[in-house]
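> Provided below are the primary sequence and the corresponding predicted coordinates.
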Amino acid sequence: MGFYLGFPLTAVLFMFSVYVTIHGRGKGELVGYYMEGFSKALIVARMLILIGINTSLWLSSGCIAGIIHYGAQFILPNFFLPICFLLCAGLSFMLGSAFATTATMGIITYIIGCAGGVPPAMTAGAIISGVFVGDRCSFVASSLILLSSLNDVPHRRAFEIAVKTSTIPMVISVLGYALLSHFCPLDISALSRLGVLDKTFRIAPIVLLPALFLLFSCLLKLRTVVTLCASITAAVFLALFYQGTPLYTLLLSMLKGFRLPPTHELYSVVRGGGALPMLSAIYILIISCSLASLIEKGGVLSLRFRALLRTSKRRNSLYLKSVIIGTAAAAIGCNQTVSIVTTSTLMDAPYKRAKVNNEEKLRDISFASVMMSVVVPWTLAVSVPLSMLSFKGLSYMPFMFFIISGPIYNFLWSFSKAANRKRVSMRRVQ
């Protein structure tokens, strides 16, 4: 309906607060729930500010324009959809933001696909799949930072798990899009639109430095803050001394986000980032974390539902219940963060009772919340990217190969894990 999500979330937090107060919780306990949620959100909030600044600087320095320019050289007419998926996946992996990737590479590839005769639903599905590769497993993705924090897994280890578990779904996606592209090839003349970027930015291999700094910092296993600061430093240098951006303009873009002149052909396309636009996301994050803490510890859940969670013992059963909770939380909260926090919190005790370690729990929840949130079409995670593409309807959903294949792959993995444990226990009995 066009309302800011923070308002209804605040209303829900207020109603649940009234509920637990009526059922015997004191004001001191309520404050404790809020502070617990706030402390969890604070770690991610700092990273969101840095990510917003980093995104605006990548735009100002011409780094994103360079990635689009050089990436477009590899587009083949009969291989457009796989390339579309891989370009979006690669950029989102470096940016860690589905929104920023959609607003740049996603829109460009969508325009190319539509102009080249590729069905819009196929192109949109490939873009949505691609931008959420990074949202799940980028080193700087806020969702991964939140997951590692909530599940007590070191961020570096969470990153390694996310990358490893994304490999097979990505291979399946590339093969699926290759098959679609064989029947729906691209008209090569559509690539001429990209020439506008060459006139807007000075494009040369040097503009890729911020991306390379980010990549090498990840490989060197540096801290996330150090990684982002290295990328930001390189981007500031390029924006000032290579692109010739005035210092005042650069500082303004770091604060409010990057914008091209209103008369520019790509004004509505190449834009984004900034520290201030992240404040609305940070507020949602804080309210979501407080709400999840209140639901989990304030006695909001019925005893019957808690009993249902306690019955989970098998590995695949735990995962299925995580999927149900993650999808329901995303559908009700309309937000990926709500799904991540709620699922991590509610499934903590069942996983501990089943003696499943935190790394396997993180693996399950990353599929059950990060990816299943995208399956719900009215969540911010997918509705915002679709609005950026000006795509309406649900016809894109069957073509989200990465989003669909990921949770299915993890279910088969968890099923085999449960079967192996059963065989091992039977051998011990014998």
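Happy to help now that I have it.
> going forward, measure contacts and count neighbours with C-alpha atoms only.
Fine.
> show me where the stretch 51-200 of the chain has strands.
With DSSP state E, counting those that start in this stretch, there are no strands along the stretch 51-200 of the chain.
> now the helices for it?
Using DSSP state H, counting those that start in this stretch, the helices of the stretch 51-200 of the chain run over 63-72, 80-95, 98-101, 107-115, 120-137, 142-150, 155-183, 195-200.
> select, out of those helices, the one closest to Asp348.
Of all those, helix 142-150 sits nearest to Asp348, with 9.5 Å by Cα to Cα.
> for the closest one, which outside residues touch it?
40-41, 44, 47-48, 96-97, 135-138, 154-155, 158-159, 337, 340-341, 344-345, 362, 366, 370 (Cα atoms under 8 Å, 6 or more residues apart in numbering).
> drop anything exposed from these.
When these are checked for burial by 16 or more other Cα atoms under 10 Å, the buried set is 40-41, 44, 47-48, 96-97, 135-138, 155, 158-159, 337, 340-341, 344-345, 362, 366, 370.
> distance to Ser405 added to the helices of the stretch 51-200 of the chain, as JSON lines?
As requested, the helices of the stretch 51-200 of the chain are arranged in JSON lines below (distance: least, Cα to Cα, whole Å):
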{"stretch": "helix 63-72", "distance to Ser405": "25"}
{"stretch": "helix 80-95", "distance to Ser405": "14"}
{"stretch": "helix 98-101", "distance to Ser405": "18"}
{"stretch": "helix 107-115", "distance to Ser405": "22"}
{"stretch": "helix 120-137", "distance to Ser405": "10"}
{"stretch": "helix 142-150", "distance to Ser405": "19"}
{"stretch": "helix 155-183", "distance to Ser405": "6"}
{"stretch": "helix 195-200", "distance to Ser405": "35"}
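> quick one, the helix or strand harbouring Met278 and helix 142-150 angle?
Secondary structure from DSSP states H and E places Met278 in helix 277-297. Taking axes from the mean of the first three to the mean of the last three Cα atoms, to 10 degrees, one finds that helix 277-297 is oriented at 40 degrees with respect to helix 142-150.
> what are the buried residues along helix 277-297?
Judged by neighbour count (16+ other Cα under 10 Å), helix 277-297 contains these buried residues: 277-278, 281-296.
> what packs against that helix?
When contacts are defined as 3 or more Cα pairs under 8 Å, 6 or more residues apart in numbering; DSSP states H and E, helix 277-297 sits against helix 6-22, helix 27-61, helix 336-346.
> out of those, deepest packed?
Among those, ranked by average contacts under mean count of other Cα atoms under 10 Å, first place goes to helix 336-346 (a mean of 27).
> rewinding a little: export the helices of the stretch 51-200 of the chain to JSON lines and tack on distance to Phe7 and mean pLDDT?
Rendered in JSON lines, the data for the helices of the stretch 51-200 of the chain read as follows (distance: least, Cα to Cα, whole Å; pLDDT from 0 to 100):
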{"stretch": "helix 63-72", "distance to Phe7": "33", "mean pLDDT": "78"}
{"stretch": "helix 80-95", "distance to Phe7": "28", "mean pLDDT": "87"}
{"stretch": "helix 98-101", "distance to Phe7": "21", "mean pLDDT": "76"}
{"stretch": "helix 107-115", "distance to Phe7": "29", "mean pLDDT": "77"}
{"stretch": "helix 120-137", "distance to Phe7": "25", "mean pLDDT": "91"}
{"stretch": "helix 142-150", "distance to Phe7": "22", "mean pLDDT": "84"}
{"stretch": "helix 155-183", "distance to Phe7": "31", "mean pLDDT": "91"}
{"stretch": "helix 195-200", "distance to Phe7": "38", "mean pLDDT": "75"}
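> of all those helices, which lies closest to Leu220?
Of all these, helix 155-183 comes closest under Cα to Cα, at 10.9 Å.
> ok, the nearest residue to Leu175 once chain neighbours are set aside - contacts?
Nearest non-adjacent residue to Leu175, counting by Cα to Cα, 6 or more residues apart in numbering: Pro82, 7.7 Å away. Shown in contact with Pro82 (Cα under 8 Å, 6+ apart): Ala126, Ser173, Val174, Leu175, Tyr177, Ala178, Ser181.
> separation between Pro82 and Lys392?
22 Å (Cα to Cα, to the nearest Å).
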